[in-house]
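Colleague: My questions concern the predicted model and sequence given below.
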Amino acid sequence: MPQQWPTVTYKEEGMREGMQIEDANITVDDKIELLDMLSETGLSSIVVGSFVSPKWTPQMERIDEIVQRFTPKPGVTYSALALNSRGVERARAYSPPLTIERDKYPRLSCHLCDVFVRRNTNRTQMQEMERWPEIIAQAQEVGIKESGIGCNASWGSNFLGEFPVDSLMTLLEYQHGLWDEAGIKVVSCSMGDPMSHCTPAKVEESVTRVKERWPEINHFRLHLHNGRNMAIASAYAAMRVLGPEDTLELDGTIGGYGGCPYCGNGRATGMAPTEDLLHMMDDMGIPTGVDIDKLIDCVWAAERIIGRELYGHVSKAGPRPRTVDKLYDINMPFVETMGQALHFKKGSEVYEGGIYPYREPITSPYRDRIDQGLPAFGTGANEFPWNQDWLPKADS
Ligand SMILES: CC(C)(COP(=O)([O-])OP(=O)([O-])OC[C@H]1O[C@@H](n2cnc3c(N)ncnc32)[C@H](O)[C@@H]1OP(=O)([O-])[O-])[C@@H](O)C(=O)NCCC(=O)NCCSC(=O)C[C@@](C)(O)CC(=O)[O-]
């Protein structure tokens, strides 16, 4: 029985998580060029930046100009991060095209790491919790029937060390109890990880335990950072636990850049590279609606704008060639440099003149079959290559 995957929705964070850790002098024109390119890829949800204090994050100082001048594409949801009411008020001035509500549900959430939230927002974890009664009261007031629980810095902290999943579950249990008391059903759980402490094992355990403890929770949000290169594997682990009755919200950044300036990992933080993660989802048969080739154009544009190479792989090695027209030339020469590796998009001229050690051109009956539109291998015992005379006989 093939795996039944959850519905996966994806949010592109390159213009916010990505740009917030890059040079504050990147021009508004360049950011608008990249944002408008992202709008043409098929991405359905794009974060344009954040309305935070420019004293804390100068990279976001000119967000107002970006929102005023970019070209919103119909059907794409554009949002922005706001960490306090002043930020929400600023964002609301640009709605539309911005969508202000970033969460489907009223949610009780806080950071397991008190140090991170103090460093990042000048607030304490206790102050985050103090808001919960108000969130519950507001939900009751407007007759909300479904709610969310959640946590950030869910699996560990660069300042406090690793957190056992038990600690995460204790926090979620407490939040769930408050919603129970209010008589509001909990259907969603979010887990964030700004300091890159996610691992596939911890994410698998966390999502599994939440599903087992509260089977009615069928909506999950994961905000995973990639400082230890565990974001894609962790996202996959979550997909493996969930099923067709579940929805999983993921986010990442083109090229995999990004990070919070106050998490301690700087530009080494990163997120799941969008092009790598969505290419994996393509392979899994999970619909993304995104054109990987246009995403690669965005990564290359981002590298030009930022002035350095980014972390993703599909933009460098190319997507897995799966159709005859994308297969590599079996007689291509020695391919060595990163520039020569770009032949998948730039054509054979990038490796022309490379070492070619073969006395005769390479041929292969397998490639002959592929070029004729046949599968490389036959499926039956008496089909190619099992029926070829070169094959040693099993009883010999
Ligand atoms: C949240 C604040 C503003 C609180 O900062 P604060 O100092 O507590 O705010 P305040 O209310 O005391 O105001 C201080 C000054 O900031 C101004 N101010 C106050 N709010 C705003 C605003 N929204 N926009 C513009 N200006 C603002 C306010 O007007 C005042 O100006 P002054 O009187 O000094 O001239 C500050 O801590 C901040 O901006 N932090 C953001 C740092 C940042 O950008 N981090 C990266 C994004 S978060 C992230 O990446 C993590 C995440 C979200 O992905 C996952 C996770 O959280 O785990």
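Modeller: Nice, I can see it.
Colleague: For whichever residue of the stretch 251-396 of the chain sits closest to the ligand, which non-adjacent residue is spatially closest?
Modeller: The ligand sits closest to C260 of the stretch 251-396 of the chain, with a gap of 3.4 Å, by Cβ to the nearest ligand atom. Quick note: C-beta positions are derived from backbone N, CA and C, even for glycine. In space, and not counting its chain neighbours, C260 is closest to P194: 4.9 Å by Cβ to Cβ, 6 or more residues apart in numbering.
Colleague: for the one you found, phi and psi?
Modeller: Dihedral pair for P194: phi -70, psi -20, per degrees, to the nearest 10.
Colleague: List the residues that contact it.
Modeller: Contact analysis of P194 by Cβ atoms under 8 Å, 6 or more residues apart in numbering lists F116, N120, N152, A153, H223, H225, G259, C260, C263, T269.
Colleague: Throw these into CSV and include pLDDT, secondary structure and neighbour count, thanks.
Modeller: Below are the contacts of P194 laid out as CSV (pLDDT from 0 to 100; DSSP: H, G, I helix; E, B strand; the rest coil; neighbours: other Cβ atoms under 10 Å):
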residue, pLDDT, secondary structure, neighbour count
F116, 98, helix, 23
N120, 97, helix, 21
N152, 98, strand, 21
A153, 98, coil, 28
H223, 98, strand, 22
H225, 98, strand, 27
G259, 97, coil, 26
C260, 97, coil, 19
C263, 98, coil, 24
T269, 98, coil, 24
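Colleague: And this structure, split by domain according to the record?
Modeller: Using automatic domain parsing, the domain parsing of the chain gives 7-317, 321-360, 363-396.
Colleague: ok, of those, where does mean pLDDT dip lowest?
Modeller: Ranked by mean pLDDT, these bottom out at domain 363-396, which scores a mean of 91.
Colleague: which of the residues in that one are buried?
Modeller: Residues R369, I370, F384 are the ones in domain 363-396 that count as buried (16 or more other Cβ atoms under 10 Å).
Colleague: contacting residues around stretch 227-237?
Modeller: For stretch 227-237, the external contacting residues (Cβ under 8 Å, 6+ apart) are 195-204, 207, 222, 224-226, 250, 252, 259, 265, 268-273, 276-277, 280.
Colleague: Looking at those residues, which are in strands?
Modeller: Judged by DSSP state E, strands contain the following of the contacts of stretch 227-237: L222, L224, L250, G252.
Colleague: Next, format the buried residues of domain 363-396 as CSV and append secondary structure and distance to V8.
Modeller: Listed next are the buried residues of domain 363-396 as CSV, based on DSSP: H, G, I helix; E, B strand; the rest coil; distance: Cβ to Cβ, whole Å:
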residue, secondary structure, distance to V8
R369, helix, 35
I370, helix, 31
F384, coil, 37
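Colleague: Any chance of TSV for the residues you listed, columns distance to M332?
Modeller: Listed next are these as TSV, based on distance: Cβ to Cβ, whole Å:
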residue	distance to M332
R369	20
I370	16
F384	25
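Colleague: now, among those, which is nearest to I100?
Modeller: When the buried residues of domain 363-396 are ranked by distance to I100 (Cβ to Cβ), I370 comes first, at 51.1 Å.
Colleague: separation between the closest one and D282?
Modeller: Per Cβ to Cβ, to the nearest Å, I370 is found 20 Å from D282.
Colleague: which bits of the protein sit near the ligand?
Modeller: 17, 20, 50-53, 55-57, 81, 83-84, 86-87, 90, 120-122, 152-153, 192, 194, 223, 260-262 (Cβ under 6 Å from any ligand atom).
Colleague: Would you write a ChimeraX line that selects the buried entries of these?
Modeller: Here is the ChimeraX command that selects the buried residues among those (16+ other Cβ under 10 Å):
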select :17,20,50,51,52,53,57,81,83,87,90,120,121,152,153,192,194,223,260,261,262
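Colleague: so of the residues of the chain next to the ligand, which ones are in strands?
Modeller: Counting by DSSP E, these place S50, L81, N152, G192, H223 in strands.
Colleague: Make JSON lines from those and add distance to A394 to it.
Modeller: Shown next, in JSON lines, are these (distance: Cβ to Cβ, whole Å):
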{"residue": "S50", "distance to A394": "64"}
{"residue": "L81", "distance to A394": "62"}
{"residue": "N152", "distance to A394": "58"}
{"residue": "G192", "distance to A394": "55"}
{"residue": "H223", "distance to A394": "53"}
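Colleague: Surely A268 is in contact with G259?
Modeller: Yes: counting by Cβ atoms under 8 Å, A268 touches G259, with 7.3 Å between them.
Colleague: Give me the contact list for the helix or strand encompassing E181.
Modeller: Using DSSP states H and E, E181 maps to helix 165-182. Identification of contacts with helix 165-182 by Cβ under 8 Å, 6+ apart yields 108-110, 112, 132, 136, 139-140, 147, 149-151, 154-155, 185-186, 189, 191, 202, 205-206, 209-210, 213-214.
Colleague: And stretch 382-390, by the same measure?
Modeller: By Cβ under 8 Å, 6+ apart, stretch 382-390 touches P365, Y366, R369, L374, F377, G378, G380, L391.
Colleague: run the last query once more with 7 Å
Modeller: For stretch 382-390, contacts defined as Cβ atoms under 7 Å, 6 or more residues apart in numbering pick out R369, F377, G378, L391.
Colleague: backbone phi and psi for C110, please?
Modeller: Residue torsions, per degrees, to the nearest 10, at C110 are phi -160, psi 170.
Colleague: Quickly note the distance from it to the ligand.
Modeller: 10 Å (Cβ to the nearest ligand atom, to the nearest Å).
Colleague: Name the nearest residue to that residue, sequence neighbours excluded.
Modeller: Counting by Cβ to Cβ, 6+ apart, E128 is the residue found nearest to C110 once chain neighbours are left out, at 3.8 Å.
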